[in-house]
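*Asks:* Generate coordinates for the sequence data below:
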Amino acid sequence: MVDVAVVGGGPAGLSAALFTAKNDLDTVLFDTDETWMHKAHLFNYLGIRSIDGGEFVDLARGQTEDRGADLREEEVEAVEETGEGFTVTTDEDEYEATYVVLATGADRSLAEDAGCAFSEDDTVEADLGMETSVEGLYATGAMVRAEEWQAVISAGDGAAAALNILSTEKGEHYHDFDVPDDTVRNPGA
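*Replies:* Residues are numbered from 1 along each chain as shown. Purely as a prediction, here's the structure:
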């Protein structure tokens, strides 16, 4: 059983996986490499002057893997609550996870099939920590925001979900705040 399964490899999914893996939670990210980012060019992402969306995804994947996440190119077909977490069924295998972060863009079908509550505007209902009505199941980005599909917003949602999971695991509000000395201890960072 992994601690965290992330479904989707755009900014939200990669951000969630980066934070959880970096903080020693066993994390697997499932992605079919069909993110909208391959059609994007970022000029409005804080800290980046200009970058092709595909290049951004490649860099983010490398960073996420460097921090310990297991990235798998598998299509997730179902997410089912088990009482002790979730079973994530892909086109290749089944995986058990304590938490699941859905980062599938505007495709809300996995959330619907898992029994998540929806708002009147057909978005998935989630609290400020991105947790849905199904305990331990998180929704991010375009799933929870009608027409607010920005990479930087999605990445923030992924980070919020990860910090919520980390706070739950550690039993207190968790801050992921690095200082320059952290990079010296983590030369591959």
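*Asks:* which one is residue 72 nearest to, not counting chain neighbours?
*Replies:* Using C-beta to C-beta, 6 or more residues apart in numbering and skipping residues adjacent in sequence, the residue nearest residue 72 is residue 30, 5.5 Å away. Quick note: C-beta positions are derived from backbone N, CA and C, even for glycine.
*Asks:* Quick one: neighbours of the closest residue to residue 166 other than its chain neighbours, just the number.
*Replies:* Take residue 166 and drop its neighbours on the chain: the residue closest to it by C-beta to C-beta, 6+ apart is residue 174, 4.2 Å away. Neighbours of residue 174 under the rule other C-beta atoms under 10 Å: 17.
*Asks:* which phi and psi does residue 174 have?
*Replies:* When quoted as degrees, to the nearest 10, the phi and psi of residue 174 stand at phi -110, psi 130.
*Asks:* I'd say it and residue 163 touch.
*Replies:* Yes - applying C-beta atoms under 8 Å, one finds residue 174 in contact with residue 163, separated by 6.0 Å.
*Asks:* what's whichever helix in the chain runs longest packed up against?
*Replies:* Secondary structure of the chain per DSSP state H: the longest helix is helix 151-170. Where contact means 3 or more C-beta pairs under 8 Å, 6 or more residues apart in numbering; DSSP states H and E, helix 151-170 is packed against strand 2-7, helix 11-22, strand 94-102, strand 137-139.
*Asks:* Go ahead and flag the most central residue of the chain.
*Replies:* residue 13 (2.7 Å; C-alpha atoms, centre = their mean).
*Asks:* Quick one: residues contacting the spatially closest residue to it that is not a sequence neighbour.
*Replies:* Spatially, and ignoring its direct neighbours in sequence, residue 13 is nearest to residue 103 (3.4 Å; C-beta to C-beta, 6+ apart). The contact partners of residue 103, taken as C-beta atoms under 8 Å, 6 or more residues apart in numbering, are 6-10, 12-13, 16, 140-141, 143, 154, 157-158.
*Asks:* And residue 165, what's its pLDDT?
*Replies:* You'll see residue 165 listed with a pLDDT of 97.
*Asks:* residue contacts, it?
*Replies:* Residue 165 is in contact with 3, 4, 20, 25, 99, 101, 138, counting by C-beta under 8 Å, 6+ apart.
*Asks:* Point out where this protein drops to low pLDDT.
*Replies:* Residues of the chain that meet the criterion pLDDT under 70 lie in 182-189.
*Asks:* switch the cut-off to 90
*Replies:* Applying pLDDT under 90 to the chain flags the ranges 10, 33-57, 59, 83, 105-106, 146-155, 173-189.
*Asks:* tally of neighbours for the nearest residue to residue 23 once chain neighbours are set aside?
*Replies:* Of all residues not flanking residue 23 in the chain, residue 166 sits nearest, at 5.5 Å (C-beta to C-beta, 6+ apart). For residue 166, the neighbour count with other C-beta under 10 Å is 22.
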